[in-house]
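# Kindly return the folded structure for what I paste below:
(one chain, ligands or ions: 1)
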Amino acid sequence: MAGEDAADGPNVGGRDPDALLARAGARGDPDQDQHFLVDDRVLDRIPTYATEAGIDLGHVLEIGAGNGALTDRLLAVADWVTAVERDPDLAAFLRTEFADAIEAGRLTVIEGDALEVDLPDYTASISNLPYGASSEILFRLLPAGKPLIAMVQAEFADRMAADPGSDDYGRLSVTAGHYADVEVVEPVPPEAFSPPPAVDSALVRALPREPNYTVPDDDFFLGFVKAVFTQRRKTVRNGIRNTAHISGLDDPDAVVDAADEELLRKRAGDLSPTDFAELASLAHEVGLDSDD
Ligand SMILES: C[S@@+](CC[C@H](N)C(=O)[O-])C[C@H]1O[C@@H](n2cnc3c(N)ncnc32)[C@H](O)[C@@H]1O
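So this is what the prediction gives:
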């Protein structure tokens with residue numbers, strides 16, 4: 001079990017992030033989404049967002065391990081960490097710096113693109129994500145139904161966790177909320193990173209659960225939500241009619257004819273996830289050709 005036994009020598013959990021950067025010889029290339037966490041307090045707090053929620057740390061997946069500052073903290077609490085890193089120099093550094101943990105079978109380094117490599121069967125993911133690919137990476141991870149803690153752009157975090165009717169509520173909120181309860185657990189300023197990103201950051205925690213609605217088909221539901229939000233300033237009636245090329249509906253008019261007038265008069269940003277599920281279920285029933 002995670003805890004004292006998981007500690008791998010006196011340094012694990014206490015490596016100085018600046019010293020790690022110096023040893024890695026990494027300057028951080030913003031074009032490669034390389035912004036390394038150098039604030040010890042933020043690094044130390046990240047695993048606590050998992051432990052306080054009782055998340056199983058048997059096998060933690062870290063995407064974008066970089067110089068290993070977070071990997072070090074994860075090794076202090078997890079039984080096993082799999083770290084994915086695309087930069088070959090950083091992956092090589094991780095293999096050297098954490099040779100003892102690798103030798104002990106507690107760390108696996110996967111060199112490659114997180115969107116392409118095979119992912120292991122992990123119990124939780126905890127990452128400081130490359131912002132350029134956060135959306136794609138998150139929507140690779142969330143359907144796995146495992147708890148997730150991720151550093152993302154603050155604005156992105158707010159949109160993930162937003163409630164219906166708020167300015168931040170949109171496709172991202174409904175899609176993330178389809179898989180998990182999402183909360184923003186900590187805002188993180190640019191100075192916590194080297195080099196500092198141009199944007200504010202935030203840590204989100206996503207705890208998987210079944211949605212409180214049912215849909216006939218996840219992909220159809222998510223495509224329908226995407227389609228209607230492309231017309232967020234229009235009424236839902238027009239949104240459904242105008243976006244059949246995105247939603248894949250064969251007969252959007254049949255959906256509009258059958259749907260509840262009160263929902264059709266609203267705009268996408270005012271529909272709850274349950275409203276979307278009701279409309280998508282109806283659309284699936286009456287808006288698709290039977291041979292689809
Ligand atoms: C924001 S840095 C985080 C580094 C380190 N984990 C930390 O917390 O300081 C993101 C890391 O992801 C790596 N990266 C960028 N795109 C990636 C991708 N598609 N797949 C895997 N790693 C990627 C970068 O090389 C960089 O090391």
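# which stretches of the stretch 1-150 of the chain form strands?
36-37, 59-63, 80-85, 107-111, 124-128, 148-153 (DSSP state E, counting those that start in this stretch).
# Can you name the element that comes right after the last one?
Looking back up the chat, that one is strand 148-153. Later in the chain than strand 148-153, the nearest helix or strand by DSSP states H and E is helix 154-161.
# Can you name the residues in contact with that next one?
Helix 154-161 has contacts (C-beta atoms under 8 Å, 6 or more residues apart in numbering) with 131, 134-135, 138, 152, 168-170, 172-173, 176, 182-184, 187-188, 199-204, 206. Where you see a C-beta, it was placed from the backbone N, CA and C, and this is true even at glycine.
# Narrow those to those that are buried.
131, 134-135, 138, 152, 168-170, 172-173, 176, 182, 184, 188, 201-204, 206 (16 or more other C-beta atoms under 10 Å).
# which bits of this structure sit near the ligand?
32-37, 63-66, 69-70, 84-87, 90, 113-115, 128, 130, 133 (C-beta under 6 Å from any ligand atom).
# ok, of the residues you listed, which come out buried?
33-37, 63-66, 69-70, 84-87, 90, 114, 128, 130, 133.
# Sort out which of those are in helices and list them.
Within these, residues falling in helices by DSSP state H are 69-70, 90.
# Specify which member of these is nearest to A259.
The shortest approach to A259 among those belongs to L70, at 46.6 Å (C-beta to C-beta).
# L43 is in contact with the closest one, correct?
Yes. Counting by C-beta atoms under 8 Å, L43 is a contact partner of L70 at 6.2 Å.
# joint contacts of the two?
L37.
# Got the confidence number for A6?
Note for A6: predicted pLDDT of 47.
# tell me the contacts of the most centrally placed residue in the chain?
For the chain, the residue nearest the mean C-alpha position is L138 (3.1 Å; C-alpha atoms, centre = their mean). Contact analysis of L138 by C-beta under 8 Å, 6+ apart lists 129, 148, 150, 152, 160, 176.
# at 10 Å what do you get?
63, 125, 127, 129, 148, 150, 152, 156, 160, 172, 175-176, 179, 182, 204, 206 (C-beta atoms under 10 Å, 6 or more residues apart in numbering).
# Repeat that for D181.
With C-beta under 10 Å, 6+ apart, D181 has these contacts: 161, 205-209.
# could you flag which of these are buried?
When the contacts of D181 are checked for burial by 16+ other C-beta under 10 Å, the buried set is 161, 205-207.
# Can you list which of the residues you listed are found in strands?
Among the buried ones among the contacts of D181, DSSP state E puts 205-207 in strands.
# between the residues you listed, which is closest to the ligand?
Within these, the smallest distance to the ligand is 16.3 Å, found for R205 (C-beta to the nearest ligand atom).
# Report the beta-bridge partners for that closest one.
When bridges are called by DSSP bridges, R205 pairs up with I149, E183.
# Tell me the spacing between it and T230.
Distance from R205 to T230, counting by C-beta to C-beta, to the nearest Å: 29 Å.
# Repeat that for G64.
30 Å.
# again, but for P187
Counting by C-beta to C-beta - P187 and T230 are separated by 29 Å.
# again with I110
In terms of C-beta to C-beta, I110 sits 35 Å off from T230.
# Between these two, which has more neighbouring residues?
I110 (20 against 14; other C-beta atoms under 10 Å).
# Quick check: pLDDT value at the more buried one.
Looking at I110, its pLDDT is 98.
# Quick check: D44 touching R15?
No. D44 is not in contact with R15 according to C-beta atoms under 10 Å; the separation is 11.5 Å.
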